[in-house]
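Asks: Whatever this is, show me its structure:
(2 chains)
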Amino acid sequence: MIDQFLNRNRADIAIVPRSSIAGRTLALLVAIMTFLSCVTFGAVYLVQNSAVAWSSEVGREITIQLQPVDGEEMTSNVRTAIALALDSPGVGNAEELTVEDSERLLAPWLGDEFDLEGFDLPRLIVVHLSDPNAFDQTALQAKLDQSLAGASIDTHKAWQQKLNAMSGTIVFSGLLALMLIMAATILAVIFATNGAMASNREIVDVLHFIGASDQYIARAFQSRFFTIGLEGGIVGGVAALIFFVLAGVITNYLLPSQNAEQVELLFGQLSLGWIGILGLVLVVAIIAGLTSVTSRITVHRFLAQVAP
Amino acid sequence: MIEFDNVGLQYGTGPEILKNLNFKIDPGSFHFLTGPSGAGKTSLLRLLLLSLRPTAGRLNMFGKDVSQLDKQGLMALRQRIGIVFQEFRLLDHLTTFENVALPLAVRGEPEAAYRSNVRELLDWVGLGHQINARPELLSGGEKQRAAIARAVIAKPELLLADEPTGNVDPELAERLLHLFVELNRMGTTIILATHELHLLDQFRFPRLQLQDGEVSIHD
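Replies: Numbers count the residues shown, from 1 in each chain, chains lettered A, B, ... in the order given. The predicted structure is shown next:
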């Protein structure tokens, strides 16, 4: 099928058998390696995308924390803090995190029935920044200190740094794994190609005896190995694509909503998008190219070793 | 066409398999190559097929000293030689047509250029009805005729045959021999290795007799 796609002249004699155990082994090997590479690439891509989106979202948000202070009216302080925040440059919106909101956020750990009303907890105001560059945290803190007691600003920078470090580690580990898989692919292709050449030794000898040049024999085998690499690569790539589609379906429809949210927190939406799919196509092309180049070198070495 | 000048051959540091070979093969001649097992027939054929080089003396083929040739040069000379093996050595995944056409295909000729020639040759050797059959479906005699057709399709100047009648019955062996004689009449130089003495008696051609690595010629 690939041969026809590549527009090979169908009248050409297929010097190398189209199907052999060695060829099938190589195709299976390339398919598995491509699948692993694509899944690794996809996971790295999703984590990276999710981290960038999360980091950007967190960077656009600060929290004003109001500690309960004896003699202070909390409701009035909350309104003052909101007014001061809205009056600051770069702030788009500011709203109080109500007790109900806090109960909802803490429900996974404390349960649905837990009542926060009886606790003297700090009150939180979530401030959304319309322009993070225009926002002056020091100026707002000064205004809060002048008007209110026990008000502080949390910019989530520590979280942001931890998240960046975590996503950076995941991306680095993923790329390292990808490189190791590629290296393993090269080694495996060398072994598989040597095996395929050895099992086709009779063909090589006969071709030599009837006057075929090394270049001709090498071309025939390379072309076959490239086809095998491309077929295996496409199978592995499509399998990886199906894996991501299924993972998305399972996350969205089969997992309990809280688990799904946690998966989504790490990977974002389990959808690769066009850029991610293009990345998978690139991985398939790289694996097919690696198979082709590796087998080319192996074939030439093999031919140099056999008798003239 | 072929000139052996004190040619010797040994494998590694082992004993000399062929010693001081001195003889010439003229164009258009037919020679039997004979001798007991282990006399060096296969080694001599491998020298002629250029898959081995002499370790002593000089072997001249088609006006060229084979010891001086690089891989490209060997390949060019090999295209002027046809070879028939005792064990046929047809490629199992190819049809009779493809096996026979192989020497032309590896020279880069398009199928359209050789299709009719291959069909004609297959008819000539009596395999016109097996054109699309793979070797596993051919009888021993048919395989050998396909191997002969493959050896001669590119019109080689020299045809080497290593025990071509070794795997066929006596009646077919005689018919195959007639085929070689016919090819020789058409101008192909032939060296045919065999140990079947009754065949040698039927056809009066010079014999290269190998004994203990040395050759003697009997007209």
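
Asks: can we go C-alpha only for contacts and neighbour counts from here?
Replies: Fine.

Asks: How about the contacts made by the closest residue to chain A within chain B?
Replies: With CA to the nearest CA, the shortest gap between chain B and chain A falls at B:Gln79, namely 4.6 Å. Going by CA atoms under 8 Å, 6 or more residues apart in numbering or on different chains, B:Gln79 touches A:210-212, B:156.

Asks: quick check, nearest of those to B:Leu179?
Replies: Nearest to B:Leu179 out of the contacts of B:Gln79 is B:Pro156 (CA to CA; 15.2 Å).

Asks: What values do phi and psi take at that closest one?
Replies: phi -70, psi 150 (degrees, to the nearest 10).

Asks: just checking, it touches B:Ile83?
Replies: No - in this structure, B:Pro156 is not within contact of B:Ile83 by CA atoms under 8 Å, at 9.2 Å.

Asks: Of the two, which one has the most company?
Replies: B:Ile83 (27 against 19; other CA atoms under 10 Å in any protein chain shown).

Asks: Pull the contacting residues for the more buried one.
Replies: By CA under 8 Å, 6+ apart, the neighbours of B:Ile83 are A:209-210, B:49, B:148, B:151, B:159-162.

Asks: same deal with A:Gln48?
Replies: A:167-168, A:171.

Asks: other SSEs contacting the top helix by length along chain A?
Replies: Scanning chain A for the helix with the most residues, using DSSP state H, yields helix A:157-199. Judged by 3 or more CA pairs under 8 Å, 6 or more residues apart in numbering or on different chains; DSSP states H and E, the packing partners of helix A:157-199 are helix A:21-59, helix A:273-305.

Asks: Let me know which of those is tucked in deepest.
Replies: Using mean count of other CA atoms under 10 Å in any protein chain shown, the stretch among those with the largest mean neighbour count is helix A:21-59, at a mean of 21.

Asks: what's the angle from the following helix or strand past that one to helix A:157-199?
Replies: Scanning forward in sequence from helix A:21-59 by DSSP states H and E, the next helix or strand is strand A:61-66. Following axes from the mean of the first three to the mean of the last three CA atoms, to 10 degrees, one obtains 140 degrees for the angle between strand A:61-66 and helix A:157-199.

Asks: and the very next helix or strand once past strand A:61-66, what's its mean pLDDT?
Replies: Later in the chain than strand A:61-66, the nearest helix or strand by DSSP H and E is helix A:74-86. Across helix A:74-86, the average pLDDT comes to 87.

Asks: Can you pull the domain assignment for chain B?
Replies: As assigned by automatic domain parsing, chain B contains the domains B:2-80+B:156-218, B:93-147.

Asks: worst average pLDDT in those?
Replies: domain B:2-80+B:156-218 (a mean of 87).

Asks: Might you quantify the distance of that one from its chain's geometric centre?
Replies: Put simply, domain B:2-80+B:156-218 sits 8 Å off its chain's centre (CA atoms, centre = their mean, to the nearest Å).

Asks: from the contacts of B:Gln79, which two are the most distant?
Replies: That would be A:Ala212 and B:Pro156, which, of the contacts of B:Gln79, are the farthest apart (CA to CA) at 14.2 Å.

Asks: Look up how far B:Pro103 lies from B:Glu111.
Replies: 12 Å (CA to CA, to the nearest Å).

Asks: just curious, which of the contacts of A:Gln48 is nearest to A:Val16?
Replies: A:Val171 (41.2 Å).

Asks: Whichever residue of chain A sits closest to chain B and B:Gly187: what is the separation?
Replies: Of chain A, the residue with the smallest distance to chain B, taken as CA to the nearest CA, is A:Gly211 at 4.6 Å. Separation of A:Gly211 from B:Gly187 (CA to CA): 20 Å.

Asks: Can you pick out the residue with more neighbours from these two?
Replies: A:Gly211 (24 against 17).

Asks: Test my guess that the more buried one contacts B:Leu104.
Replies: No - assessed by CA under 8 Å, A:Gly211 is found out of contact with B:Leu104, at 9.5 Å.

Asks: Run through the helices of chain B in chain order.
Replies: Counting by DSSP H, the helices of chain B are B:41-48, B:71-78, B:96-105, B:111-124, B:140-152, B:170-185, B:197-202.

Asks: interface residues of chain B facing chain A?
Replies: Contact residues, chain B versus chain A (CA under 8 Å from any CA of the partner chain): B:49-52, B:71-72, B:74-79, B:81-83, B:89, B:91, B:93-94, B:98, B:102-103, B:105-107, B:110-111, B:151.

Asks: Any idea how many residues pack against A:Ala94?
Replies: Count around A:Ala94 with other CA under 10 Å applied: 21.

Asks: partner residues bridging the residue nearest to the spatial centre of chain B?
Replies: Chain B has B:Leu160 as the residue nearest its centroid, 1.7 Å off, counting by CA atoms, centre = their mean. In this entry, B:Leu160 is beta-bridged to B:Ile83, B:Ile191, by DSSP bridges.

Asks: Setting the sequence-adjacent residues aside, check what's closest to A:Ala240.
Replies: A:Phe35 (5.3 Å; CA to CA, 6 or more residues apart in numbering or on different chains).

Asks: Let me know whether that neighbour touches A:Ile242 as I believe.
Replies: No - using CA under 8 Å, A:Phe35 makes no contact with A:Ile242, being 10.4 Å away.

Asks: before we move on, back to that, can you add distance to A:Ile190 and mean neighbour count and give the helices of chain B back as CSV?
Replies: Converted to CSV, those look like this (distance: least, CA to CA, whole Å; neighbours: other CA atoms under 10 Å in any protein chain shown):
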stretch, distance to A:Ile190, mean neighbour count
helix B:41-48, 31, 20
helix B:71-78, 25, 17
helix B:96-105, 28, 25
helix B:111-124, 33, 15
helix B:140-152, 33, 24
helix B:170-185, 44, 16
helix B:197-202, 49, 12
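
Asks: tell me the contacts of the closest residue to A:Asp154 other than its chain neighbours?
Replies: Nearest non-adjacent residue to A:Asp154, counting by CA to CA, 6+ apart: A:Thr63, 5.1 Å away. With contact set as CA under 8 Å, 6+ apart, A:Thr63 has these partners: A:124-127, A:153-155.

Asks: if I pick A:Ile32, what's in contact with it?
Replies: By CA under 8 Å, 6+ apart, the neighbours of A:Ile32 are A:232, A:236.

Asks: distance of it from A:Ile228?
Replies: Taking CA to CA, one finds A:Ile32 at 13 Å from A:Ile228.

Asks: got the contact list for the closest residue to A:Ile186 other than its chain neighbours?
Replies: Take A:Ile186 and drop its neighbours on the chain: the residue closest to it by CA to CA, 6+ apart is A:Thr294, 6.4 Å away. When the contact criterion is CA under 8 Å, 6+ apart, the partners of A:Thr294 are A:186, A:189-190.

Asks: if you set the cut-off to 10 Å instead, what comes out?
Replies: Neighbour list for A:Thr294: A:185-190, A:193, A:222, A:225-226, A:288 [criterion: CA atoms under 10 Å, 6 or more residues apart in numbering or on different chains].

Asks: now B:Pro135
Replies: Contacts of B:Pro135 by CA under 10 Å, 6+ apart are B:88-96, B:99, B:142-143, B:146.

Asks: now, among these, which is nearest to A:Asp115?
Replies: Of these, the one sitting nearest to A:Asp115 (CA to CA) turns out to be B:His93, at 78.8 Å.

Asks: Quick check: the gap between that closest one and A:Arg18.
Replies: 9 Å.

Asks: more neighbours, those two?
Replies: B:His93 (17 against 12).

Asks: before we move on, what SS does the closest residue to the more buried one other than its chain neighbours have?
Replies: Leaving aside its sequence neighbours, B:His93 sits nearest to A:Pro17 (CA to CA, 6+ apart; 6.1 Å). Look at A:Pro17: counting by DSSP: H, G, I helix; E, B strand; the rest coil, its state is coil.

Asks: A:Pro17 contacts A:Glu202, doesn't it?
Replies: No - between A:Pro17 and A:Glu202 there is no contact under CA atoms under 10 Å: 12.0 Å.
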